[in-house]
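Q: dropping a prediction and its sequence here:
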Amino acid sequence: MLSRTADNLYWMSRYVERAESLARILEATQRLSALPVDYGGSTNEWESAVATAGCTASFYTVHEEATQETVIDYLVFSDQNPSSIRNCFRLARSNGRAVRTALTGEMWDALNGAWLELKDLDSRGILKGEELGRFLGWVKSMSLRVDGSAYRTMLRNDIYWFSRLGVFLERADNTARILDVKYHVLLPEIERVGGGLDYYQWSAVLRAVSAMTSYHWVYRDSLKPWLVADLLILNAQMPRSLAACYGNVGLYLDNLARAYGMQGPSQKLARSMRAKLGNAKIDDIFQSGLHEFIVDFIGTNNRLGAAISEQYLT
């Protein structure tokens, strides 16, 4: 396969996954911002949404203050934000169009249809309330449609493996950022860990990754920070956990190594992180620092992305 084709497939999937993650972040933020005043703190939930999305610096070059209107505009519609939902779907469609013959008809229809629908939306009509909720649900459903069409219709070959690599590398990054912002940024210093605000914030984190039911099924306990972190970091049964993402990343990189008859730095780095996650204990992670663990993970995840790019995509 040409490296350009692999690059298009990889980034097509990353952009669709990123759009869904942004929708989930905004959905969780909307829930937190709607909490009764008694549960409020000194934290600006909309500012935390920008931090979770990893674009704080670029946001403040465009807007002076993080409010519901400015954050939604920047994360959903802004042409000045290369990772806005609108730009993610545009770039995903552009990458998919470049490799149109490698995609099944169903997958192309899902990608193209999502972009055409989004392009015709009036941004002013969905900034608040129920319309925003419906729009975010639409974004998630479009991502599921693209993901489902790939899973159900594509041959299990290098075309599929490169597209899935993009999904799980992006998903791992987003799960890590959601966890880090909650633990390190969102809870005000004056608020007691385990208090009302803390409970609702952890609840929002679980709902952001569709894991509330899974949490209660696995732990059968009230919300506890270390159990939420255990589910989203180490539990390989949870499809958005770091362990599950790296199980899939390692699988598809190994498939590529066998298909091309050569291993490289990306396989080594993925195996190292899989082993680290497989051997880790949540008590040890909290003792050494959850924030430090996640920062190290995000750095390693970025290095793996660079290694994949150098090994296969350039």
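A: Sure thing, it's come through. Numbering: from 1, shown residues only.

Q: state the distance from Ser241 to Met154.
A: From Ser241 over to Met154 the distance is 24 Å, taken as CB to CB, to the nearest Å. Heads up, the C-betas are built off the backbone N, CA and C, glycines and all.

Q: typed the wrong thing, it's Ala28
A: Relative to Met154, and taking CB to CB, Ala28 is found at 31 Å.

Q: repeat for Asp147
A: Asp147 is 11 Å from Met154, by CB to CB.

Q: now swap in Pro265 and tell me
A: 27 Å.

Q: neighbour count winner among the two?
A: With neighbours defined as other CB atoms under 10 Å, Pro265 and Met154 compare such that Met154 has more, 18 against 14.

Q: OK, contacts around that one?
A: Neighbour list for Met154: 103-104, 107, 160, 163 [criterion: CB atoms under 8 Å, 6 or more residues apart in numbering].

Q: go again using 7 Å as the cut-off
A: For Met154, the contacting residues are 104, 107, 160, by CB atoms under 7 Å, 6 or more residues apart in numbering.

Q: can I get these in JSON lines with pLDDT?
A: Compiled in JSON lines, the contacts of Met154 are given as follows (pLDDT from 0 to 100):
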{"residue": "Thr104", "pLDDT": "96"}
{"residue": "Met107", "pLDDT": "96"}
{"residue": "Tyr160", "pLDDT": "97"}
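
Q: elements contacting the helix ranked longest in the chain?
A: Longest among the helix segments of the chain by residue count, using DSSP state H, is helix 3-33. On a contact count with 3 or more CB pairs under 7 Å, 6 or more residues apart in numbering; DSSP states H and E, helix 3-33 meets helix 45-52, helix 85-98, helix 129-153, helix 158-181, helix 196-208.

Q: quick one: closest of those to Gly261.
A: Each of the helices and strands packed on helix 3-33 has some distance to Gly261 by CB to CB; the shortest is helix 158-181, at 12.4 Å.

Q: low-scoring pLDDT stretches of the stretch 101-250 of the chain, where are they?
A: Along the stretch 101-250 of the chain, the parts satisfying pLDDT under 70 run over 122-129, 182-198.

Q: redo that, cut-off 80
A: For the stretch 101-250 of the chain, the stretches with pLDDT under 80 are 120-130, 181-201, 204.

Q: mind listing what Val62 touches?
A: Val62 neighbours (CB under 7 Å, 6+ apart): 74, 78, 80.

Q: narrow these to those in strands?
A: Taking DSSP state E, every one of those sits outside strands.

Q: nearest to Arg86, of these?
A: Lowest distance from Arg86 to the contacts of Val62 (CB to CB) belongs to Ser78, with 7.7 Å.

Q: where's that closest one relative to Leu118, distance?
A: Ser78 is 14 Å from Leu118, by CB to CB.

Q: equivalent analysis for Ala176, please.
A: According to CB to CB, Ala176 and Leu118 sit 27 Å apart.

Q: quick one on the thing from earlier: just the buried subset of the contacts of Met154, please.
A: 107, 160 (16 or more other CB atoms under 10 Å).

Q: need the contacts of Met154 in CSV with distance to Glu20, can you?
A: Formatted as CSV, the contacts of Met154 follow (distance: CB to CB, whole Å):
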residue, distance to Glu20
Thr104, 20
Met107, 16
Tyr160, 19
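
Q: okay, helices next: where are they in the stretch 151-300 of the chain?
A: Assigned by DSSP state H, counting those that start in this stretch, the helices in the stretch 151-300 of the chain fall at 158-181, 196-208, 212-219, 225-233, 242-260, 265-279, 282-288, 290-308.

Q: give me the buried stretch members for the longest helix of the chain, please.
A: Within helix 3-33, the residues scored as buried using 16+ other CB under 10 Å are 5-33.

Q: then stretch 253-266?
A: Neighbour count says stretch 253-266 has 253, 255-256, 264, 266 buried, by 16+ other CB under 10 Å.

Q: what does that stretch contact?
A: 158, 161, 267, 270, 304, 307-308, 311.

Q: ok, now stretch 161-169?
A: 6, 9-14, 17, 150, 245, 248-249, 252, 255-256, 301, 304-305, 308.

Q: my guess is Trp202 contacts Val228, does it?
A: Yes - the criterion here is CB atoms under 7 Å, and Trp202 meets it with Val228 at 5.3 Å.

Q: what's the closest of the contacts of Met154 to Gly96?
A: Met107 (7.5 Å).

Q: now for the closest one: which residues touch it?
A: Residues near Met107 by CB under 7 Å, 6+ apart: 146, 149-150, 153-154.

Q: now the residue with the largest distance to the centre of the chain. Its backbone dihedrals?
A: In terms of distance from the mean C-alpha position of the chain, Gly261 ranks first, at 31.2 Å (CA atoms, centre = their mean). The phi and psi values for Gly261, taken as degrees, to the nearest 10, are phi 70, psi 30.
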